[in-house]
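K.L.:
A structural model of the following input is requested.
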Amino acid sequence: MSVQPKVSVLIPAYKQAAYLGAAIESVLNQSYHNFELIVVSDASPDHTDEVVARYPDPRLIFIEHEENQGLPAARNTGLRAATGEIFALLDADDLFHREKLAAHVAFLQANPTVGVSYNARYEISENSEILALWRPITDATFSDVVLGFPFAPSDMVLRREWAYRVDFFDASYRAMSEDLDINCRLALAGCRFGGIDQALNYRRYYPNRVIANVPDRVQGAERALHSLFTHPSCPATILALRNSAFANLYLVWSYEAFVAQLTQLGQSWLGKAVRLDPTLLANKGARLHEFLVDRSIQDGGDHAMAVRQVIDQMPTNLQWFAPQVAAIVAEADLRAGIRDVLWGRVTHGEMLLKRAALTHVKIDQALLRVLVDQLLNYQQMIGDDAAQLALQRLLRYLRAVTSRRALGWMAGCYWLNRGIQSGKCQQWSHARRQIIQAFQADPGILANRGAWATLVKTMKPLMKQS
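P.N.:
Numbering: from 1, shown residues only. Below is the predicted model of the structure:
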């Protein structure tokens, strides 16, 4: 007698045959085995059926639409066919980590009040190289879903009862934003979201990608937000976020419009974003400046070209912002270079850092603190040895853009945090060694009371032995 699967994994497929095989394998190779995998071809014109046929696994179910119905309808077909208690979503060009299902099953069993779980993720390039680590907060609220949308579909796992309670995805959202819509409806219905602090899937980005159907996608997101804010059950605390939510929407999509050479739309949406949130232009446009730096390096493409392209198309009333283009490109070079070195792409990273150094841009204290956090994240997700190698790479290649003293401070902070954490776990020998490494990297750590307190605690087991 066959065992009913605990988990149903759903992959909608349309024109993704090049990546679908890897996505299927990432599911079939899970350490957790009690699952079914449902692949739904949304009348895909490529050889999706041939890819699926390469995997004669009894847990794999293949369904084909006779006509293209759109991504949310394809997801719904899979959801209706699913028999598991838990639904895991996976886009056809993304991948699961081997422990994805095991971690979510355990988390949901331990947290019965959570209806949707999600996790940290690796962001990868078209060629599956790791670009970055995305580590969202683990206690996303209704406000977080509305303002920042901290998780993507491939990060999500939801209980069967909650999928049925909100009647699945809205199939009328053919042009995307169906994920924003369903999560808003889940939150309105009282669903609780819970995060797992592990990177458990891989989300693919495409360099220099121009997104198709930009106007339709924005209309879909506008519709999702309008539906939320006009719903009679929308809480007052969420209603108060209306301007901020729409400002975030228009800011992000103005960038995509400019990249797609949709100048008038980009100008219109950027204007709406600024009117709804004037702080974008405060302090000489500091927040807009920061947004352009972060967004331009997200996909690993030519960020310098993208920044110039976006700023060249800005409306006339933002002409004063144009002189910042060189500074934005330099900061983007710096951050992308740091990211590349951190993740082992040292040749490209070194080139970007040298280019940044020519502009005399430097790593400030705030960015050094961010870099320490990234190293600690790297250590937690990848492991001690890999993190130590990453630190050594950074210490070598960042000399072009900062001082030895600053690098010593960064290394000292990293080892100090590691030592204090090891002390909390009563791993005294590790803690002692890490605190000493912190002192060696930055003698200024001697003034840190936490370091001394941890070091004293590490000596007690030695004193008892003697």
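
K.L.:
Around Ile98, how many other residues sit close by?
P.N.:
If you look again at residue 98, you'll see it is Arg, not Ile. For Arg98, the number of neighbouring residues by other Cβ atoms under 10 Å comes to 14. (Glycine included, C-beta is placed from N, CA and C.)

K.L.:
Which strand or helix spans it?
P.N.:
Secondary structure from DSSP states H and E places Arg98 outside every helix and strand.

K.L.:
try the one 3 residues further on
P.N.:
Assessed by DSSP H and E, Leu101 sits inside helix 100-110.

K.L.:
can you check Ala406 too?
P.N.:
Under the criterion of DSSP H and E, Ala406 resides in helix 404-424.

K.L.:
Tell me where this structure is predicted with low confidence.
P.N.:
Under the criterion pLDDT under 70, the flagged ranges of the chain are 1-2, 149, 175, 450-452, 459-466.

K.L.:
Scan it for its longest strand.
P.N.:
Once the chain is assigned using DSSP state E, the strand that runs over the most residues is strand 193-204.

K.L.:
Note down every partner strand of it and its orientation.
P.N.:
Sheet pairing of strand 193-204 (DSSP bridges) gives strand 95-96 (antiparallel), strand 116-124 (parallel).

K.L.:
okay, now the domains of this protein?
P.N.:
As recorded under automatic domain parsing, the domains making up the chain are 7-206, 210-276.

K.L.:
Show me the helices in the stretch 351-466 of the chain, by range?
P.N.:
In the stretch 351-466 of the chain, the segments counted as helices under DSSP state H, counting those that start in this stretch are 365-382, 384-397, 404-424, 428-441, 449-465.

K.L.:
Distance from the third one to the middle of the chain?
P.N.:
Which is helix 404-424. Remark: helix 404-424 is offset 25 Å from the chain centroid, using Cα atoms, centre = their mean, to the nearest Å.

K.L.:
Could you tell me the angle between it and helix 365-382?
P.N.:
Between helix 404-424 and helix 365-382, the angle formed by their directions is 40 degrees, by axes from the mean of the first three to the mean of the last three Cα atoms, to 10 degrees.

K.L.:
what do you get for the second one?
P.N.:
Here helix 384-397 points in a direction 150 degrees away from that of helix 365-382 (the same axes, to 10 degrees).

K.L.:
Off-centre distance for helix 384-397?
P.N.:
Centre-to-centre, helix 384-397 and its host chain are 23 Å apart (Cα atoms, centre = their mean).

K.L.:
Turn the strands paired with strand 193-204 into CSV, columns for mean neighbour count and distance to Arg174.
P.N.:
Conversion of the strands paired with strand 193-204 to CSV gives the following (neighbours: other Cβ atoms under 10 Å; distance: least, Cβ to Cβ, whole Å):
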stretch, mean neighbour count, distance to Arg174
strand 95-96, 22, 25
strand 116-124, 24, 23
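
K.L.:
Trp409: which of the ones you listed is closest?
P.N.:
Each of the strands paired with strand 193-204 was checked against Trp409 via Cβ to Cβ, and the shortest separation belongs to strand 116-124, namely 26.8 Å.

K.L.:
Please, where are all the strands along this protein?
P.N.:
Listed in chain order (using DSSP E), the strands of the chain are 7-13, 35-41, 60-64, 86-89, 95-96, 116-124, 130-134, 157-159, 193-204.
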